[in-house]
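Engineer: Predicted structure and sequence below. I'll ask about it afterward.
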Amino acid sequence: MATTTLPAAHQVGRSLPRLEAREKVTGRAEYTHLMRLPGMLHAKIFRSTVAHGRIKSVDVSEARKVPGVYAVYTSEDVRKVIPNPYYGPAFHDQPILAIDKVHFVGEPVAVVLAFDPHVADQAVQQIVADYEELPAVFDEVEAAGNKVLVHDELKPAGTFADLKHLKGRKGTNIALDFRLRRGDVEKAFASAAHVFEHTFRTQKVLHLPFEPFASIADYRDDGVTIHSSAQGPSFVRTEIARLLGWPENRVRIKVPYLGGGYGGKLYIKMEALALAMSMLARRPVKVALTMEEQFYTITKHPSTFRIKSGLDKDGKIVARKCEVWWNGGAYADIGPRVTQKSGFTASGPYDIDNVWIDSYAVYTNLTPAGALRGFGVPQLVWAYESHTDMIARALKRDPLEFRKQNLLRDGRPQATGTILKDAAIEKVLDRIAERLNWKRPFDKGTGTLRRGRGFAVALKAVISPTTSVAIVNVAGDGSATLYCGTVDMGQGSDTAMAQMVGEVLNMPAESVRIVPRDTDVTPYDMGTLGSRSLFHMGHAVRLAAEDARAKIAALRAELGEPEGSNAPLGDLFRKKYGMQAGNIIGTGTYKPDYIPPDADGLTANATPFWMVAGTGVEIEVDTETGHVRVTRLINVADVGKPINPKIVETQLSGASLMQLGFSMFEKMHLDGGQVTNASLADYKIPGIHDVPLLMENETVETVQENGPFGAKGVGELATFGLSPAIANAIDDAIGVRLMELPLNAEAVFRALRVKDNKPLGDE
Amino acid sequence: MAARTINFTLNGRPVTADVKPHHNVVELLQSQFALTGARESCGQGLCGCCTVLVDGKPVSGCLYLAVFLDGADVVTVEHLAEPGKLDPVQEAFIECGAFQCGYCTPGFIMMSKALLAQHADPDDQQIRDYLTGNLCRCAAYPEIVNAVKMAARKSKAGSTG
């Protein structure tokens, strides 16, 4: 197809359906969980049944006797092929299989390999482990007291310079403490007219992508190929190469589409285990988890947030102190980064002269926690927007006017000292208020059905600094192919990137081919995370396409084409090479400027762009049951200039509905560290009947000046404000305040009974 | 365990397969027919990712034992499109942007086919009730409801014109 002869209108700003849509609706899209390699073995995992214990013995003899079993391995075997088998992005603390100790219920202890997965499953049941149980700690605040220690010694990775001082530290569960000191909060509290202090908590929830984690490793002595459901193939390659002591070019990571990720499939998950098993078995090995096993792999951080604000007599917030404890579970994963990066904005989108932030990543004996669609920010917004609303109500101030009085505006320093720019906080807030008809009276209901409304607004600093590299290859017929490591897990990145290539090269986005991610051919990218890709990879893709465009222009000049010539690209190649031949390769690398925070957490450049979003809700509360129904849900976001408005809308809608589950009912129930509802039967996620009948998604008219084509990231935005918006609406409806998620019927009903002086007993 | 030979119609063609008593439909389709459109996610018949039509009725392929397919007529998502032409439901899912990651999409599409076979012109409530057994972690539910309505319009236009 002569792509250049198609009409080439603007590609950026089109609501183009996803490029891979046909593959997805015909059931042919490729996912790692569904892949098979010839001669492949299936791995099934034997997991710890205690939260903290010394391994006295692991008896695999009966498992080995099960007919059809190929092999059974423990950490003893793993260490024969990988002597130091610890991995992780921030700390090298997670063993491929438990060594000497287990640190959480569900930790992998042994593996059975078989050609028939049912055989492997049966054999796992024959393994017997004996543990000397040790005291365990589950609560993040309790763990921060260091009475029970999860690890004997901290093992930070070399990856992050600012974690080096923690190397070899003993006697602590605190993997990272981030502090920010701006002004003098204590002095400001002392002279404040009003001081408010509240503590908020969030529960343990998880990503639950419908394609559970899967990795297939095919190890050979001269190289290894790993197919994996990974959000960051470049990081996986680096980490696997490190474990092997190999150069990166002998490690190949291939990533097809992902059946959801939401942050769960970041960094390194099952890849190291698949590698070790393939090394031992000398065959391809597939590690594909079940839905249940995801509950023992990675979760969101439960958190405790103590927040204190001082106000002057006019209602201006003069000081805010934030202490946040992040329950990181047994291994650090990316918790230290969640702790630090979300710490930047823990005081919220407000203009406050005196700010104190302490943010602690804490080890506990639970399933490890990582990034989940917001990198900690939803937990923070839950607290600071509930707190802000409570202050407004206590002072009998209108919550909208109170926020507007204190709002952070462009040109003013954020808590880190970085000057706010292109952050449409007020616009977002105003649009929510307009859509809610906030100034007009609201029907609060009668009898047992009460109505309320609430809203919240949030600010996030995108993770920085990170690097993206892209290649645009124009073939002899003029068609273009893009090589980029951004993983399309449903967010529509392939489509958006193709639109940017098409915009620069003046060709329809549909004609741009995106190469599936393969570290042998797709260049480096830090990872598909934190809403960074559209901005960072978008810039790299833009630069690569511009580089190709410049080379095309040079070719035109070389061939004596007149200025402004529109000769099709294919004709240029034919003229140059005498036939359809040759390539033009454009490359682009993008890394934004960044200044790391000083010892007080202050920096003049915390982030290349600010993420801003807000949520408004109308709800109904049944006061006889405590049941809350969200009847109207409004998401308003600042995404800069949308590259693909339809995909942006789907992202906003999907993120808020996911957060609806985390707000209203999702909760991992834990008993002595054991998850007691590890299945979709017992862990409810949002279904079609949970969708509010009225849903509105809006992007405010803005331009991100330093963004590619004026755009910035979207994926996490609509998760930020929902939980506090609902809690604020519950307060509006029935005058009770919930300080812990989820906001389920039991919590509401208990709070109502407390309000009526008839509290219910426990359970 | 001994395998048993079964005969059934798969996507319009007669087929034979050797299955063990514990094999479910998803395993059979994936391992012996390289059809991955029906896929197991929750493994409990709760998410609908494994939906296929057996004698016109939607079933959860992760719970439905393969031996029960003996003599049945089985249709999977791979059978809906003709070369170069998608089914109206598939077209509507694309046009309405009714998915993100796409893992649950074949299940929703098969269930929507079953819905439209029973109710040619469903209202929103019927759609929500019918699709309540299918889950989407990306939560593209509003778009899915729109897609089913669009598919109904497309099917009607297709059958009358």
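Structural biologist: Sure, I can see it.
Engineer: going forward, measure contacts between C-alpha atoms and count neighbours the same way
Structural biologist: Noted.
Engineer: List the residues that contact the closest residue to chain A within chain B.
Structural biologist: Using Cα to the nearest Cα, the closest approach of chain B to chain A is made by B:C101 at 3.5 Å. B:C101 sits next to A:Y257, A:L258, A:G259, A:G260, A:D488, A:M489, A:G490, A:Q491, B:C138 when contact means Cα atoms under 8 Å, 6 or more residues apart in numbering or on different chains.
Engineer: With A:A498 instead?
Structural biologist: A:L482, A:A509, A:E510, A:V512, A:R513, A:I514.
Engineer: ok but it is inside a strand, no?
Structural biologist: No - assigned with DSSP: H, G, I helix; E, B strand; the rest coil, A:A498 falls outside any strand and is helix.
Engineer: I'd like to know how far it sits from A:R14.
Structural biologist: 11 Å (Cα to Cα, to the nearest Å).
Engineer: cool, and A:V185?
Structural biologist: 48 Å.
Engineer: and what of A:A415?
Structural biologist: 37 Å.
Engineer: now swap in A:F46 and tell me
Structural biologist: Shown here: A:F46 relative to A:R14, a distance of 49 Å by Cα to Cα.
Engineer: neighbour-wise, which of those two wins?
Structural biologist: A:F46 (23 against 17; other Cα atoms under 10 Å in any protein chain shown).
Engineer: Would the helix or strand where the more buried one lies count as contacting chain B?
Structural biologist: Per DSSP states H and E, A:F46 falls inside strand A:41-47. No - contact of strand A:41-47 with chain B (Cα under 8 Å from any Cα of the partner chain) is absent, the minimum separation being 13.3 Å.
Engineer: Which neighbours in the sheet does that strand have, and how are they oriented?
Structural biologist: strand A:108-114 (antiparallel), strand A:285-288 (parallel) (DSSP bridges).
Engineer: Including mean neighbour count and mean pLDDT, could these go into TSV?
Structural biologist: Formatted as TSV, the strands paired with strand A:41-47 follow (neighbours: other Cα atoms under 10 Å in any protein chain shown; pLDDT from 0 to 100):
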stretch	mean neighbour count	mean pLDDT
strand A:108-114	26	98
strand A:285-288	29	98
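Engineer: will you turn the ones you listed into CSV that also has distance to A:V50?
Structural biologist: Shown next, in CSV, are the strands paired with strand A:41-47 (distance: least, Cα to Cα, whole Å):
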stretch, distance to A:V50
strand A:108-114, 11
strand A:285-288, 23
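Engineer: In three-state terms, how would the spatially most central residue of chain B be classified?
Structural biologist: The residue lying closest to the centre of chain B (Cα atoms, centre = their mean) is B:M110, at 2.8 Å. Here B:M110 is helix, with the state taken from three-state DSSP.
Engineer: repeat for A:H539
Structural biologist: helix.
Engineer: wouldn't it be in contact with A:A711 here?
Structural biologist: No - between A:H539 and A:A711 there is no contact under Cα atoms under 8 Å: 10.0 Å.
Engineer: Where does pLDDT dip in chain B?
Structural biologist: For chain B, residues meeting the criterion pLDDT under 70 lie at B:1, B:159-161.
Engineer: where do the helices sit along it?
Structural biologist: B:25-33, B:88-95, B:105-118, B:124-130, B:141-160 (DSSP state H).
Engineer: tell me the contacts of the residue of chain A at minimum distance from chain B?
Structural biologist: Closest residue of chain A to chain B, Cα to the nearest Cα: A:G490 (3.5 Å). With contact taken as Cα under 8 Å, 6+ apart, A:G490 is in contact with A:L258, A:G259, A:G260, B:F99, B:Q100, B:C101, B:G102, B:C138.
Engineer: Kindly recompute the last result at 6 Å.
Structural biologist: A:G490 makes contact with B:Q100, B:C101, according to Cα atoms under 6 Å, 6 or more residues apart in numbering or on different chains.
Engineer: Tell me if it really is in a strand.
Structural biologist: No - going by three-state DSSP, the assignment for A:G490 is coil, not a strand.
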